[in-house]
Each structure stands twice: as structure tokens, then as C-alpha cells.
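Participant: Provide a 3D model corresponding to the input given below.
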Amino acid sequence: MSEKPVALGSNVSLRRNVNLLGTLLGNTIKADKGTSFFNKIEKIRQLSKSAREGGNQDDHQALLSVLNSLSDDELVPVTRAFSHFLNLSNIAEQFHSVSKQCAERFDVPDHLDELLGRLKNKGFSNEKIADTVANLSIEVVLTAHPTEVTRRTLIQKYEQIFKCLKSLETEELSPRQKNRLTTRLQQLISQSWHTLEFRSKPPTPVDEAKGGFATIEHSLWEAVPRYVRGIDERLREHTEIALPIDAMPIKFSSWMGGDRDGNPFVTAKVTREVLLLGRWMAADLYLRDLKPLIGELSMSVCSKELKAEVGECREPYRVILKKLRAGLRQTKKYCEQKLADPSIQATLKHDELLEPLQLCYDSLHASGLGVIADGPLLDMLRRVRCFGLTLIKLDIRQESDRHTEAISELTKALGLGDYGHWDEQQRQTFLLNELQSPRPLLPMNWQPSANVQEVINTCKAIAEEGEGTLGPYVISMATAPSDVLAVALLLKESGVTFNQPIVPLFETLSDLDFAAESISQLLALPWYRGYCNGRQMVMIGYSDSAKDAGWMSAGWAQYRAMESLTAVCRKSNVELTLFHGRGGTIGRGGGPAHAAILSQPPGSVDGRLRVTEQGEMIRFKFGFPRVAIQSLLLYTSATLEATLLPPPVPEQSWREMMNQLADDSLAVYRGVVRDEPDFVPYFRAVTPQRELAKLPLGSRPAKRKVDGGIESLRAIPWIFAWTQNRLMLPTWLGCGEALDNALRANQKAALEEMMTKWPFFRARLDMLEMVFMKTDPKLVSFYEERLVPNKLKPLGAKLRLMLDKSIKTLLQLKEGEELMARQPLSREGIRLRNPYTDPLNFLQAELLQRVREHEKETNGKELEQALMVTMAGIAAGMRNTG
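Facilitator: Next up is the predicted model:
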């Protein structure tokens with residue numbers, strides 16, 4: 001958009017790409033709207049930059065004057081211009097992180113390479129290192145996001161822009177080739193500008209699942225084999241031991257089409273459809289791999305095992321691969337037909353996909369042709385081990401109350417009383433008796449309610465899928481052992497004959513505090529010990545616990561829960577996997593993954609990690625193959641380091657300090673969110689929360705209960721709303737007061753020791769600092785001026801004062817003059833985006849006022865579209881939504 005140089009640190013390549021994309025966007029805007037309109041955009045940008053960087057009050061007022069003078073017809077194109085630039089800037093930053101210039105300047109360290117060298121220096125044997133790497137089990141769970149604001153159509157154009165930047169990086173390009181690539185970039189940016197940013201209606205769960213499949217098809221399918229090769233190469237260099245052929249450190253699962261917690265649109269029928277679409281896509285991708293592979297494997301020499309399988313023939317590898325190709329084609333046909341007729345039976349199984357490829361691989365090595373075996377054939381084998389025939393395993397998630405409701409209806413129908421009114425011991429006794437009874441419990445002619453029938457239909461869908469094709473069954477809002485046993489009974493009565501893994505999700509502060517005791521009681525039950533077979537997964541909820549108790553208090557509760565769960569499972573000789581329900585924002589457990597993993601309690605990782613990635617973070621971390629490889633290597637190095645070089649056990653004095661910080665922050669947080677009578681009306685006035693619920697962004701409702709208040713509002717839109725107006729309140733509220741109390745009690749030395757020696761505490765403060773860097777009290781004040789009734793404004797002033805004091809307290813503790821001084825690249829990235837984000841914030845506040853005042857007027861649609869664009873642009877500027 002700007003034709004003038006953009007100052008961003010000292011990196012020439014990043015500045016060049018940002019300027020190039022901005023200039024091409026400016027060309028597009030001028031071609032569409034004319035030079036006069038473009039000049040107005042430039043004036044807004046320049047005033048925003050000078051007002052932000054120089055604190056020039058005259059420029060600030062001039063900026064507001066220009067924005068306020070915009071007609072309704074101008075609002076949409078102006079907001080779109082700034083939103084598009086922020087998206088293009090993000091692409092340039094993403095590319096920069098994996099670019100050749102960045103690697104040459106060591107701006108992005110190779111964490112895995114550095115770690116392997118460090119492990120050798122610390123005395124770990126080659127065998128120990130290689131064995132630990134080979135046995136790593138990292139699972140990334142892709143989840144839909146009700147505030148993900150970028151259409152898949154645009155994401156695909158962004159992928160092409162990324163590829164063009166990659167091609168421009170080639171030094172040998174002729175002027176004509178560079179011009180050709182620049183023209184292609186101009187075309188793509190013009191396409192993006194002339195494409196509607198939003199869907200006309202909310203996506204269905206199937207649409208969301210297709211978005212997850214697209215990430216695999218366009219990025220992860222290419223990235224995973226390259227990522228595994230990268231591990232193998234580093235392992236050989238440092239240990240002289242190769243990664244075993246069957247080792248697959250990373251796998252992927254999904255909640256898209258399986259997560260029915262609070263989403264009435266995810267039904268058993270939808271789950272079946274998503275599973276079939278996943279199989280179809282997997283078969284299609286493997287067929288694409290097979291076409292060139294059959295062409296390459298033209299050799300005749302083979303092992304006796306392969307000859308026994310195909311008989312005497314001239315080209316044995318082609319024979320067996322063509323047979324596999326026929327099976328995959330039949331699988332695609334099966335999926336298409338089964339979508340229309342559920343009675344059709346499956347054809348190809350996982351082993352029938354893997355075994356022919358493994359036989360070819362072994363034969364080539366046995367025939368002295370290992371160099372051929374270790375090419376595309378090995379890549380395909382690794383894809384099979386990662387993605388299987390299902391493409392991605394689908395978790396099932398449902399709220400515990402739905403299971404209680406189902407069994408309550410059943411016990412009442414059988415004349416046994418109301419299960420919902422029984423105490424925990426009565427529930428366990430009943431459930432265990434029925435789980436061990438050979439007779440069926442469900443009456444033949446029972447007619448349950450629609451809600452209960454849907455729960456049973458879901459369990460029947462699990463039975464139809466069979467063992468090993470689905471992820472675990474996750475129980476949200478779990479509190480007690482009976483929650484797990486209830487699901488086990490419903491599965492049994494629905495025809496599930498295998499031990500489906502069941503995962504309790506502990507979310508609130510009280511549930512986190514009781515999590516270890518709950519799992520201890522569960523593992524003490526002989527029947528369940530046999531069921532879980534020495535393995536237990538427990539999910540830690542970051543989002544709802546932070547919404548319930550505030551970020552500081554919830555973080556400490558999560559840490560204590562993980563620590564206690566690790567001890568309980570170790571004592572019971574049960575292998576624990578902690579499943580981290582992290583969101584994109586820091587307020588929902590997000591933040592730098594590497595630091596987050598290394599700050600977990602010692603012994604809690606132990607080679608196993610399961611973590612969610614949501615919405616826009618999927619795009620930021622896995623949207624492009626080179627970025628995905630870097631993200632996967634970061635996960636790998638952090639998991640390996642947390643396993644072999646775990647952080648220290650916290651000193652008792654640190655625990656006592658954290659207890660005090662948590663208590664103090666909790667009191668302040670709940671004192672505002674729960675006890676302040678003006679808080680809810682202030683929240684609804686100063687944020688776009690009400691308007692967000694009307695927008696076609698995600699399939700899941702913003703609230704668990706339609707008529708519920710703040711307590712039923714999901715954590716994602718809760719965080720999203722505060723991120724949009726730049727107050728970011730849920731993350732920092734209470735933290736500053738807690739730290740200030742400690743400093744005033746002469747505890748600075750103790751806090752400094754914790755920062756220096758305890759990764760958990762250091763990571764908390766670093767993430768808090770990043771949040772503070774994204775806040776802007778002046779912008780919040782503008783929202784209040786436009787949107788908040790006078791009687792509520794004193795609360796806003798109080799919160800902004802609390803924010804200011806919290807920032808000063810953190811800087812005092814870290815002995816810094818400005819935020820993120822030790823992270824210049826991240827700080828500069830935020831500074832770059834601010835002149836483009838600020839106008840969107842001012843416009844959003846103005847639009848919210850207009851929308852609320854003129855809801856029934858004919859121009860309402862244009863105002864709503866402009867409002868949606870501001871949400872998308874601010875989300876891009878903040879680099880996350882909720």
C-alpha cells in the first residue's frame with residue numbers, strides 16, 4: 001500500500017518483501033478505486049504512523065477527523081485496504097522466518113541441531129539420544145475456531161503468494177523471470193482484493209473439516225516426509241544412528257466434525273460424513289504419490305519375498321503397486337458410494353496400504369538398491385505411518401452433563417431411580433456393576449429423548465468405525481471418576497467391543513485442583529485398570545480455567561494439576577499423556593510453543609505430548625510447508641529437551657510465592673469479573689462481543705447455552721472480544737497487583753531468583769510482557785468515548801489505570817525501560833503492524849456506534865460488512881483472534 005520504505009529492524013529482505021507487497025496492493029487499489037481514494041488511504045496511514053510513533057496529538061486529531069468524515073460507502077474499501085496490508089505483511093514475516101537470508105544470518109536458530117549437540121556434551125550416549133528420538137510421540141490436534149476469520153479461498157491465494165516470494169529468493173533469476181513473478185504477485189493480490197473476505201453464511205462442521213483436510217493436502221503432506229528426513233539427517237550427524245523406518249515422531253488428529261460440546265450441528269451423521277471424506281482424501285493423495293512412484297520403480301531385481309507375492313514377472317514393483325492403486329481407487333469409490341448408501345462395506349484396510357510399500361522397500365534394500373528405496377518410496381511410507389488411511393484421526397468430544405442426562409433417562413425408564421441425583425459412590429457402584437454384567441442394559445423398545453438418542457448414535461458410530469481408526473473420547477467439564485465410567489458404559493451398550501480411550505478434560509479451577517485425586521480414584525478401580533491397559537490420557541483445559549480464575553491463578557493451577565497427575569500415574573505404574581488444550585492467544589494457553597513445553601513440570605512430558613492448535617494458528621504454524629517443517633522441529637526439540645533435560649523441581653519458597661501470587665491475582669480478577677456490578681454491561685458495551693455472535697464465522701454457537709450470561713460465553717469469543725479493542729483484559733487482570741504486592745513486601749530478590757532459575761515463571765512473565773506490548777489504553781479510551789454509557793465509564797478508567805500500573809510493575813521487576821526490549825524482532829513486528837491496525841480500531845469503534853444506533857436502517861449490511869473486515873484486520877494485526 002505504501003510506496004515508501006518500511007523500517008523493520010535491519011533486515012533488508014524482509015523490508016523489501018513488505019514494501020513489494022504493499023506497493024502491489026497500492027497498485028490494485030488505485031486501479032480499482034482511483035488515485036484520489038488511494039491518496040486518502042495513504043494519508044490515513046501516514047497520520048496513524050506519526051501519531052503512533054511521535055505521539056503527535058495534532059496528527060491524532062487529524063486522523064480521527066479523516067476517519068470520521070468517511071461516508072458509509074467508503075468504510076468498506078478503507079477497512080479492506082488496511083486489513084489486506086496486514087495479511088500481506090504477515091505472509092512476508094512468515095516467509096522471512098524460513099527464508100534463505102534469515103537462515104544465513106542465523107535469525108532463526110536450529111533448536112534441534114543445537115540440542116543434539118548439547119545432549120552429547122552433557123554425556124548422553126548416542127544410543128540413549130537416538131532411542132529417545134525414535135520413541136517420541138507428539139500429536140497435534142487440529143480444531144475448528146468460531147472466530148477464524150479468513151476464508152479458505154483467500155488462504156489458498158496466500159499460499160501462492162508465499163510460493164512467489166520463495167521463487168524470488170533465487171539469486172540466478174533473470175530480469176525477465178523476476179518481472180514474471182512480480183506480475184504473478186500482482187495478479188494474486190488483485191484476486192484477493194476482488195474476493196469477498198467472508199462467507200455468506202456460517203460454515204458447517206463439514207466445511208470446517210474440509211479446511212483441516214486442505215492444510216494436510218497443501219502443506220503437511222509435503223512437510224511431514226521432509227521433517228522426518230530432517231530429524232534423520234541430524235540424528236545421523238550427531239549420533240551416527242539412523243532413525244528407524246517405523247519411527248514417526250509426529251501425528252495429527254482433529255476435532256473438526258467430532259467436537260459436539262455445545263455444538264448441536266455436530267451429529268453422528270456429520271461425524272460419519274467427515275470420516276468418509278477423510279478416507280476419500282487420503283486415498284486420493286496416495287494415488288497422486290503412486291503415479292510417479294510406479295513410473296520410477298521399473299527395475300526387475302527383487303527379493304524372494306516380493307517374488308512370492310507377485311509371481312514371475314518382468315516388473316515386480318510395478319505389479320504390486322498397481323494392485324495397491326486399484327485398492328485405493330476402490331476405496332475412493334467406496335467412500336463416494338457410502339456417503340449415499342451407508343450399508344456398503346469397506347475394502348482397503350490400513351495394513352493392506354502399508355504392507356505392499358514396506359515389501360517394496362525391503363526388497364530394494366535386500367537387492368542392493370537402497371538408494372532407490374530411500375527416495376519417494378520412503379516418503380510415501382512415512383506418510384502412511386503419519387496419516388494412515390483415515391488421513392487424520394477424529395476425536396469425539398462431548399460434555400459430561402450429556403452423559404449424565406443419558407444414563408438418568410435410562411435408569412428412570414428402568415425404574416431404578418434418577419442417576420443424576422445419586423452421589424459419586426452410588427454412581428460408581430451402578431456403573432461398575434453394569435460394565436461387568438454380560439446382559440444388555442438398554443431396553444428393546446426404549447424411546448429416549450432426542451438429546452440422549454444423539455449421544456447413543458455417536459457411540460454407535462464409534463462401534464461401526466472399529467478399533468484404532470478414531471482418536472480418544474474426550475469428556476469436557478469432567479469432575480469425577482463416574483464421568484469416565486459413564487462413557488465406558490454408554491460405549492459398551494452401543495456395541496463398542498474394544499477399549500476406546502476415554503480422556504477426562506479438567507477445565508475449571510476447582511476441577512484442576514481435584515484432577516489428581518479424581519484420576520487416583522479412577523486408577524484404584526480394578527476394572528478400569530484393566531480397561532486402560534497401563535495408559536491414561538488427561539486433558540488440561542487452559543481456556544475455561546483462565547476465564548474462571550484469571551491467567552496467573554489458572555496457570556499455577558494447571559501446573560500443580562500436571563505435577564500431581566504425573567506423580568499419581570507414576571505411583572500407579574501408568575503411562576500418562578498430558579493433552580494440552582491450548583488456544584491461539586496467551587489468555588487461552590497460547591504463546592511460543594517451545595517455551596511453553598519447556599516450562600512444564602519435570603517428568604510430565606516424558607517423550608509424550610498432545611496439544612491442540614486452533615483456527616488461525618493452524619495457518620500461521622502449518623499453512624506453508626517450510627513453516628510447517630520449522631514448527632514441527634520446534635515441537636520435536638522442545639519435547640526431547642523436556643524429556644532428557646527437564647526443568648528443576650520448584651523450590652518450596654517458589655511454590656509459596658506462586659501460591660500468594662495466584663491468590664492475590666484471583667481475588668482481583670474475580671473482584672472485577674464477578675463482583676463488579678457494572679462489569680457485564682461495560683464488557684458488552686466496550687467490545688464487539690454482541691456483534692460477533694451475529695457474524696458468519698464458525699459453526700459453533702458463541703455460547704454453550706443460548707440464554708446464558710458471561711458464565712456460559714465460550715472462552716474463545718471472550719478472549720476475542722477483549723483482543724479486538726486492545727485491552728486484552730483476561731490475560732493481565734490481577735497479575736500486576738499480585739506482582740506489586742510481592743515487590744512491596746520486599747520480595748524482589750525472590751522473584752528474580754524464580755525468573756532466573758524456573759522456566760515456568762520466566763515463561764509466564766515473558767508472555768505477559770508480550771500481551772502488554774499489544775495493549776493500547778488510548779484506543780480503549782476511544783472505544784469507551786464512542787460506545788460506553790457515562791455511568792459505566794468510571795469502571796473503564798479504573799481498568800486502564802490498573803493496566804498502566806501493571807505494565808510499570810512488570811518493567812520494574814524486569815528492570816527494563818520499555819516492553820520487549822530483549823525481543824527486538826517481535827517488538828519491531830508489532831510496531832510495523834500498529835500504523836495499519838490503529839485505523840481499523842478507530843473505525844471499528846465508529847462502526848459499532850453506527851451499527852448500534854442504526855440497526856434497522858437500509859445501510860446496515862454495508863456497515864456490518866465493514867465491521868467484519870475490521871475484525872479480520874485487527875485479528876491479523878494482533879496475529880491471533882481467540
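
Participant: Gly541: what's it in contact with?
Facilitator: Residues in contact with Gly541 (CB atoms under 8 Å, 6 or more residues apart in numbering) are Ser476, Leu505, Phe506, Glu507, Thr508, Leu512, Gly581. All C-beta spots, glycine's among them, are computed from the backbone N, C-alpha and C.

Participant: where do the strands of this protein begin and end?
Facilitator: Read by DSSP state E, the chain holds these strands, from start to end of the chain: 137-143, 250-254, 393-399, 470-476, 502-506, 535-541, 575-581, 608-614.

Participant: just the terminal-to-terminal distance for stretch 236-252.
Facilitator: The separation between the terminal residues of stretch 236-252, taken as CA to CA, to the nearest Å, is 26 Å.

Participant: tell me how far it lies from the chain's centre.
Facilitator: 25 Å (CA atoms, centre = their mean, to the nearest Å).

Participant: output the strands of the chain in a markdown table, with distance to Pro356 appended to each entry.
Facilitator: Conversion of the strands of the chain to a markdown table gives the following (distance: least, CB to CB, whole Å):
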| stretch | distance to Pro356 |
| --- | --- |
| strand 137-143 | 26 |
| strand 250-254 | 22 |
| strand 393-399 | 22 |
| strand 470-476 | 25 |
| strand 502-506 | 34 |
| strand 535-541 | 31 |
| strand 575-581 | 32 |
| strand 608-614 | 31 |
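
Participant: could the ones you listed be laid out in a markdown table, adding mean pLDDT and distance to Lys778?
Facilitator: Shown next, in a markdown table, are the strands of the chain (pLDDT from 0 to 100; distance: least, CB to CB, whole Å):
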| stretch | mean pLDDT | distance to Lys778 |
| --- | --- | --- |
| strand 137-143 | 96 | 34 |
| strand 250-254 | 97 | 41 |
| strand 393-399 | 97 | 41 |
| strand 470-476 | 97 | 39 |
| strand 502-506 | 97 | 39 |
| strand 535-541 | 96 | 34 |
| strand 575-581 | 95 | 34 |
| strand 608-614 | 92 | 30 |
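
Participant: of all those, which lies closest to Leu285?
Facilitator: The minimum distance between Leu285 and the strands of the chain falls on strand 250-254, with 13.3 Å, by CB to CB.

Participant: what helices or strands is the closest one leaning on?
Facilitator: Counting contacts by 3 or more CB pairs under 8 Å, 6 or more residues apart in numbering; DSSP states H and E, strand 250-254 packs against strand 137-143, helix 376-387, strand 393-399, helix 625-644.

Participant: can you redo these as CSV with distance to Pro472?
Facilitator: CSV is the format used below for the helices and strands packed on strand 250-254 (distance: least, CB to CB, whole Å):
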stretch, distance to Pro472
strand 137-143, 10
helix 376-387, 18
strand 393-399, 6
helix 625-644, 19
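
Participant: list the buried residues for stretch 360-380?
Facilitator: By neighbour count, and taking 16 or more other CB atoms under 10 Å as the criterion, the buried residues in stretch 360-380 are 360-367, 369, 372-374, 376-380.

Participant: ok, and the closest non-adjacent residue to Asn573?
Facilitator: Leaving aside its chain neighbours, Asn573 sits nearest to Gly534 (7.0 Å; criterion: CB to CB, 6 or more residues apart in numbering).

Participant: let me see the contact set for Glu769.
Facilitator: Contact criterion CB under 8 Å, 6+ apart gives Leu810, Lys814, Leu819, Met820 as the residues in contact with Glu769.

Participant: is it true that the first one touches Phe772?
Facilitator: Yes. Judged on CB atoms under 8 Å, Leu810 makes contact with Phe772 at a distance of 6.6 Å.

Participant: need the residues touching each of those two.
Facilitator: Common neighbours of Leu810 and Phe772 are listed as Leu819 (criterion: CB under 8 Å, 6+ apart).

Participant: show me what stretch 818-837 is in contact with.
Facilitator: 1, 6, 8-9, 18, 45, 48-49, 52-53, 82, 85-86, 89, 93, 107, 769-770, 772-774, 807, 810-811, 816, 873-874, 876-878.

Participant: again, but for stretch 76-90
Facilitator: 1, 18, 21-22, 25, 29, 33, 37, 40-41, 44-45, 70, 150, 154, 158, 161, 189, 192-193, 197, 620, 832-833, 836-837, 839-840, 843, 862, 865-866, 869-870, 872-873, 876-877, 879.

Participant: hey, C-alpha coordinates of it in PDB?
Facilitator: Backbone C-alpha positions of stretch 76-90 (Å, rounded to 0.1, in the frame of the first residue of the first chain) are rendered in PDB as follows:
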ATOM      1  CA  VAL A  76     -15.700  -1.000   3.500                       C
ATOM      2  CA  PRO A  77     -12.900  -0.200   1.000                       C
ATOM      3  CA  VAL A  78     -10.900   1.700   3.600                       C
ATOM      4  CA  THR A  79     -11.100  -1.100   6.100                       C
ATOM      5  CA  ARG A  80     -10.400  -3.700   3.500                       C
ATOM      6  CA  ALA A  81      -7.200  -1.800   2.400                       C
ATOM      7  CA  PHE A  82      -5.700  -1.900   5.900                       C
ATOM      8  CA  SER A  83      -6.800  -5.400   6.500                       C
ATOM      9  CA  HIS A  84      -5.300  -6.700   3.300                       C
ATOM     10  CA  PHE A  85      -2.000  -5.000   4.000                       C
ATOM     11  CA  LEU A  86      -1.800  -6.700   7.500                       C
ATOM     12  CA  ASN A  87      -2.400 -10.100   5.900                       C
ATOM     13  CA  LEU A  88       0.300  -9.500   3.300                       C
ATOM     14  CA  SER A  89       2.700  -8.300   6.000                       C
ATOM     15  CA  ASN A  90       2.100 -11.500   7.900                       C
END
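
Participant: how about low-confidence regions in this protein?
Facilitator: For the chain, residues meeting the criterion pLDDT under 70 lie at 1-11, 100-109, 145-150, 345-347, 583-592, 695-715, 855-860, 880-882.

Participant: can you pull the contacts of the residue most central in space within it?
Facilitator: If you average the C-alpha coordinates of the chain and look for the closest C-alpha using CA atoms, centre = their mean, you land on Glu613, 1.7 Å from that point. Listed by CB under 8 Å, 6+ apart, the contact set of Glu613 reads Val140, Val141, Leu142, Thr143, Arg582, Lys621, Phe622.

Participant: any idea what it is bridged to?
Facilitator: Note on Glu613: beta-bridge partners by DSSP bridges are Leu142.

Participant: so how far is Val228 from it?
Facilitator: Applying CB to CB, to the nearest Å, one obtains 19 Å for the distance of Glu613 from Val228.

Participant: can you get me a residue count around the residue lying closest to Trp221 once chain neighbours are set aside?
Facilitator: Setting aside the residues directly before and after it, Trp221 is nearest to Leu285 in space (CB to CB, 6+ apart), at 5.8 Å. Other residues near Leu285 number 19, with proximity taken as other CB atoms under 10 Å.

Participant: ok, Leu285 touching Leu220?
Facilitator: No. At 10.4 Å, Leu285 does not count as touching Leu220 under the criterion of CB under 8 Å.

Participant: which of the contacts of stretch 818-837 fall within helices?
Facilitator: 18, 45, 48-49, 52-53, 82, 85-86, 89, 93, 769-770, 772-774, 807, 810-811, 873-874, 876-878 (DSSP state H).

Participant: mind checking which of these are buried?
Facilitator: Neighbour counting over the ones in helices among the contacts of stretch 818-837 (16+ other CB under 10 Å) leaves 18, 45, 48-49, 52, 82, 85-86, 89, 93, 769-770, 772-774, 807, 810-811, 873-874, 876-878 as the buried ones.

Participant: returning to what we had before: output the contacts of Gly541 as a markdown table; include the columns neighbour count and distance to Leu522.
Facilitator: Written out in a markdown table, the entries for those read as follows (neighbours: other CB atoms under 10 Å; distance: CB to CB, whole Å):
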| residue | neighbour count | distance to Leu522 |
| --- | --- | --- |
| Ser476 | 25 | 17 |
| Leu505 | 23 | 14 |
| Phe506 | 30 | 12 |
| Glu507 | 26 | 17 |
| Thr508 | 18 | 18 |
| Leu512 | 26 | 16 |
| Gly581 | 27 | 19 |
